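>>> predicted model follows, preceded by the sequence.
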Amino acid sequence: MGSTWFTSDTHFGHARIIESCHRPFADVAEMDAEIIRRWNQVVGAADTVWVLGDWALGDKARGLEIVSELHGTKHLVAGNHDACWPGRIGAQRHLRQFLDAGFASVQDFARVKLPATVKNVPGRKVLLSHFPYAGDSHGGDRYAQFRLRDEGAWLLHGHVHNAFLVSGRGINVGVDMHGFAPVGALALAQVIDSTEDGDRPDTA
């Protein structure tokens, strides 16, 4: 059985993101190639990757082509820049494009189990969404109606780019905070453990 990884906000094909998020690339071609390289460097063919939204902008056809160039079984939790995101008019018409491109599934939210970090202690269930419980990359909390409510579970998310890594019970898995590569499930479980005082909500 392979490993599980998480990532978000790749923004393939999006030139403006290089300047706005201070990405260390000369242009879109370099950015896209390097994100692809770093992904395939850590993710194996038998692995699973959860992409928490904002896959591609600019040349979206090229963005969808990239799906097949990346290792692993890929699941998309749609973000506000994805054509299949339910907050966009006609989102359902685009769903098949993402599935045909190579995503194994596309959804608005998800719930997964992280690996155990302590012997004889079960792994922790976490929620997945593009949006954090609170916080944004700029301005106020946009898209409030699409955000999950904090009821005690940890949330893995994207959307905020390099605004913060951990906030409350949320962890930003976006590429801007993780060396432009997916981050492993065990590493995220360890981040949660390191920020808690021993209380483990939502274990199973």
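Yep, it's here.
>>> gap between the two ends of stretch 108-117?
Stretch 108-117 has an end-to-end distance of 28 Å (Cα to Cα, to the nearest Å).
>>> any idea which helix or strand comes after the helix ranked longest in the chain?
Assignment by DSSP state H gives helix 28-42 as the longest helix of the chain. Going down the chain from helix 28-42, the next helix or strand is strand 48-51, by DSSP states H and E.
>>> where along this protein do the helices fall?
16-20, 28-42, 60-67, 91-101, 185-195.
>>> quick one, which of these gets closest to Asp176.
helix 16-20 (8.8 Å; Cβ to Cβ). C-beta: built from backbone N, CA, C; applies to glycine.
>>> so how far is that closest one off the chain centroid?
Centroid separation for helix 16-20 versus its chain: 18 Å, with Cα atoms, centre = their mean, to the nearest Å.
>>> packing partners of it?
helix 28-42 (3 or more Cβ pairs under 8 Å, 6 or more residues apart in numbering; DSSP states H and E).
>>> mind giving me the packing neighbours of the helix it packs on?
helix 16-20.
>>> quick revisit: pull the CA atoms of the longest helix of the chain into PDB?
The C-alpha coordinates for helix 28-42 follow below in PDB (Å, rounded to 0.1, in the frame of the first residue of the first chain):
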ATOM      1  CA  VAL A  28       5.300  30.000 -15.800                       C
ATOM      2  CA  ALA A  29       7.200  27.400 -17.700                       C
ATOM      3  CA  GLU A  30       9.800  27.200 -15.000                       C
ATOM      4  CA  MET A  31       7.200  27.200 -12.200                       C
ATOM      5  CA  ASP A  32       5.100  24.400 -13.800                       C
ATOM      6  CA  ALA A  33       8.100  22.200 -14.600                       C
ATOM      7  CA  GLU A  34       9.600  22.600 -11.200                       C
ATOM      8  CA  ILE A  35       6.300  21.800  -9.400                       C
ATOM      9  CA  ILE A  36       5.900  18.700 -11.600                       C
ATOM     10  CA  ARG A  37       9.500  17.600 -10.900                       C
ATOM     11  CA  ARG A  38       9.200  18.100  -7.100                       C
ATOM     12  CA  TRP A  39       5.900  16.200  -7.100                       C
ATOM     13  CA  ASN A  40       7.300  13.200  -9.000                       C
ATOM     14  CA  GLN A  41      10.400  13.300  -6.800                       C
ATOM     15  CA  VAL A  42       8.400  12.400  -3.600                       C
END
